[in-house]
Structure formats: structure tokens, C-alpha cells
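In: With the input below, show me the fold.
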Amino acid sequence: THTHTHTHTHTHTHTHTHGSATVHHSRCYLPSLFFRNPTPDEVINRPEGKDFYKGAVTPDNFLAVLKGDSASTKGGSGKVLKSGPNDHVFVYITAHGAPGLLAFPEDEVNTLTLPVLIFLHFSHLADLVFYIDASWSGSMMTKLPDDIDVYATTATNSNEVSYACYYDEKRETYLGDWYSVNWMEDSDVEDISMETLMRQFKIIQSNTSRVMKFGNETLANMKVMAFQGNANAWPNSPMTLKPVADPGLTFSTEVPLEILRRKSSNTDNSLYQSHLKVREELRRKMLKVVTLVTGSESEYQKVLCEKMDLTQHQCYEIAVTQYKKHCFSWPTNYEDYLLDLYLLFNLCGKIYQQERYRIHLIPPSFYTFPPGFRSIQFLFQSIQKIPHFPR
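Out: Below you'll find the predicted structure:
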């Protein structure tokens with residue numbers, strides 16, 4: 001899907017001098033334990049679709065591109081944003097997500113990163129538009145102010161997962177993400193010199209669930225072409241796409257298991273059962289952390305069931321880092337760890353409700369261990385007690 005957008009912007013008269021593309025290459029070739037890509041180095045996102053440009057992305061490269069820091073890029077073309085006050089910048093992100101973060105192949109970008117970049121590095125730009133396709137992607141932009149020239153749409157709200165679509169029997173994988181496929185196909189069939197971002201949002205929203213918008217909605221009255229094309233040239237004529245009767249929508253978090261389930265219908269189901277055991281083990285470890293920290297059944301159930309807003313960024317970021325270090329250093333084919341990070345998200349919020357102070361203001365020696373919810377320090381200590389999950 002994300003390679004479609006690279007080709008899409010070039011189709012609408014962009015040249016390589018106008019943009020930078022960072023693409024997660026493992027979608028082209030994934031040499032993992034569970035999956036074998038029968039068409040390596042090829043990416044499509046609809047049945048009988050065309051192959052698109054491919055590349056690679058890391059969190060460091062992604063941030064360097066946004067900051068205009070070419071010296072910090074590794075691999076790829078080295079192109080970064082070099083935009084000025086008359087430029088409109090369009091940033092499309094597709095990744096695995098969890099509450100408050102985007103997960104890349106080797107690391108993640110925390111929710112704090114994007115707002116910091118917006119304020120510190122885009123003050124010189126005319127307008128900035130984000131399209132973010134990831135589970136829980138709304139949590140990345142909930143605090144985006146509406147009085148700066150930044151507008152964002154996300155595939156989901158803060159509490160839900162996104163959808164994959166278009167299962168391909170030959171390649172044994174899903175070809176696209178439903179939010180992304182919808183906005184790209186809309187841009188393909190519409191006259192983007194006339195269509196506004198708001199109209200595109202409404203079309204996407206009508207075809208998917210829980211698509212959200214954030215920030216300065218005045219920008220949504222601008223034409224799509226200002227961000228997805230070249231305003232100094234005529235766009236290509238709208239194309240006609242043959243409807244796909246059944247897009248086969250599947251929760252993105254269930255894609256690995258669903259692919260294995262389809263394969264196991266023709267062969268043995270040992271790989272499916274192995275992956276299921278991994279998911280169960282990850283769940284067990286996270287629930288152990290919750291048990292240690294909450295100290296009571298009632299608080300345990302609240303952490304499992306409540307949907308909290310992310311306000312305690314530092315606690316959550318450190319907790320995720322501790323979890324990675326001490327519990328499970330996940331290879332890229334185990335996206336299952338994302339399913340339970342919301343529990344760390346909730347634990348941080350609950351602890352802060354009780355303690356009423358911030359971790360970076362109080363030395364560890366001053367932490368107390370009240371009944372019920374334990375302290376932030378105790379959360380981190382509890383994570384460290386969980387046996388490391390082997391690769």
C-alpha cells in the first residue's frame with residue numbers, strides 16, 4: 001500500500017525532486033520462521049495490481065527525513081525534507097501500531113516524537129498534512145492542537161485496530177490496508193485538482209470504520225492536489241478501477257494467524273499452533289506484570305477493561321523499553337506483542353492517578369509502595385522480574 005502512494009504521487013505529476021519515500025522492505029521479502037513470500041521484491045496492493053517502487057525504512061531514517069537531516073540517514077537515497085514557507089508537505093505513514101507508538105522493523109516511534117517535530121521543525125512550513133495508517137493510530141494525534149497549520153487523518157481512533165484487505169491466494173498474503181487503499185483509490189478515480197481533503201476524508205470514512213481527523217480542519221478545505229500532486233502542472237486524468245466484490249476485511253492484528261490458518265487448511269497446522277502459543281505466552285507475561293503492579297483483583301480488572309487516554313508519555317515510553325529489554329526482544333514477525341501494550345499504557349495512567357507526581361521529578365528513593373496500585377518504580381521492577389522470552 002505504501003509503495004502505491006509513492007507511485008501515486010509521481011503519477012499525479014510529482015517528480016523525484018519533490019519528495020522522499022521510505023518503504024519497509026520486508027513486505028517485499030520476509031524470510032521469517034512462519035512466512036515465505038512467493039514473489040520476493042514485488043509489492044502490489046489490489047488483485048492483479050501493478051508492482052510498485054520499494055525501499056526500506058527505519059525510525060532513525062524516518063525522523064531524519066522529517067527533520068531535514070540528510071547527514072543522519074542511512075541507506076536509501078538520502079533525500080530529506082528541504083521545504084520552505086511556501087511548501088505544502090504531505091506525510092503518509094503506514095506501520096504496525098500500538099497505543100501511542102508506531103512500530104518499525106527494529107524499533108518504534110513514540111507518541112511524543114510527532115508533536116515535538118511538529119512544533120520544532122515545521123514552524124517554517126506553510127502547511128503539513130499527515131495520513132497515518134496503523135492500529136490505534138488515533139492515539140498518535142489526540143493532542144494535536146487546532147491552531148497550527150497541521151492536519152491529520154488516521155485509520156482508527158485511539159482504541160481500535162485497523163483492517164487489512166484483499167487476500168491474494170497466489171501470494172498468500174493481504175495486499176493492502178483498507179484505510180490506505182481507500183484514500184489512494186479515491187485519488188486515482190477523482191479529479192484531485194477539484195476534490196478537497198475534507199471530501200476525501202468523508203469518502204474514506206464512509207468506506208471504513210473509525211477514521212478520525214485531528215488538528216487544523218481549515219486545511220481540509222484545500223485541494224488534494226496541493227499535497228498529492230504538483231500545483232504547477234495538470235494532473236493525470238482520473239482512472240476507472242474495477243470494483244472488488246469482497247475486500248475480505250481482517251483485523252490487522254489477526255493477519256499473521258489468518259494467513260497461517262488459510263495455509264493450514266491445505267497442510268498441517270503446526271505453524272498456526274506455534275504462532276498461537278507465542279501469542280498466549282506473550283499475553284501470560286503481560287498479565288503477570290499487571291498482577292504484580294495492581295495488587296488487587298478489582299484494579300486488575302480495571303486495567304484490563306478500561307480505555308484510557310495517553311497522558312503519561314514518559315512512563316509509557318520507559319515501560320515499553322523495559323518490556324522489550326527484559327521480557328521479549330521481538331523479531332519482526334511477532335507483531336502480537338502490540339496487542340497487549342495497551343496494558344502498560346493503562347498501568348501508567350492508573351499509577352499516576354494515585355501518585356499525583358511525575359517520575360522525573362521524584363528520585364527513586366522517595367517512592368512509596370501504597371496498598372493497591374504500586375509505584376512507577378515498582379512497575380519497572382515488576383517488568384524486570386518476568387523471564388525473558390527466547391527468540
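
In: which residues does D147 contact?
Out: Neighbour list for D147: N216 [criterion: CB atoms under 8 Å, 6 or more residues apart in numbering]. Yep, even glycine has a C-beta here, placed from its N, CA and C like the rest.

In: what do you get for M222?
Out: H88, D127, T196, L197.

In: Counting neighbours, which of the residues you listed comes out on top?
Out: L197 (25 neighbours; other CB atoms under 10 Å).

In: first vs last residue of stretch 203-215, how far apart are they?
Out: One end of stretch 203-215 sits 19 Å from the other (CA to CA, to the nearest Å).

In: Other residues contacting it?
Out: Against stretch 203-215 from outside (CB under 8 Å, 6+ apart): 138, 141-142, 144-146, 148, 150-157, 160, 163, 178-179, 182-183, 186, 201, 220.

In: Which among those count as buried?
Out: Buried members of the contacts of stretch 203-215, scored by 16 or more other CB atoms under 10 Å, are 138, 141-142, 144, 150-157, 160, 163, 178-179, 182-183, 186, 201, 220.

In: hey, where'd the helices end up in the stretch 251-391 of the chain?
Out: Secondary structure of the stretch 251-391 of the chain (DSSP state H, counting those that start in this stretch): helices at 255-264, 270-294, 297-305, 313-326, 341-355, 376-385.

In: Would you mind measuring from T291 to V303?
Out: 10 Å (CB to CB, to the nearest Å).

In: the more surrounded of these two?
Out: For T291 versus V303, neighbours defined as other CB under 10 Å are more numerous around V303 (23 against 14).

In: where does the stretch 101-250 of the chain have low pLDDT?
Out: Filtered on pLDDT under 70, the stretch 101-250 of the chain yields the residue ranges 105-106, 110-124, 209, 231-236.

In: show me where it has helices.
Out: Counting by DSSP H, counting those that start in this stretch, the helices of the stretch 101-250 of the chain are 113-121, 178-189, 197-207, 225-228.

In: Skip the chain neighbours and tell me the closest residue to V91.
Out: Excluding the flanking residues, the one nearest V91 by CB to CB, 6 or more residues apart in numbering is F130, at 5.0 Å.

In: before we move on, back to that, the helices of the stretch 101-250 of the chain: which one's closest to D336?
Out: helix 178-189 (20.5 Å; CB to CB).

In: What helices and strands are in contact with that closest one?
Out: On a contact count with 3 or more CB pairs under 8 Å, 6 or more residues apart in numbering; DSSP states H and E, helix 178-189 meets helix 2-11, strand 127-133, strand 163-168, helix 197-207.
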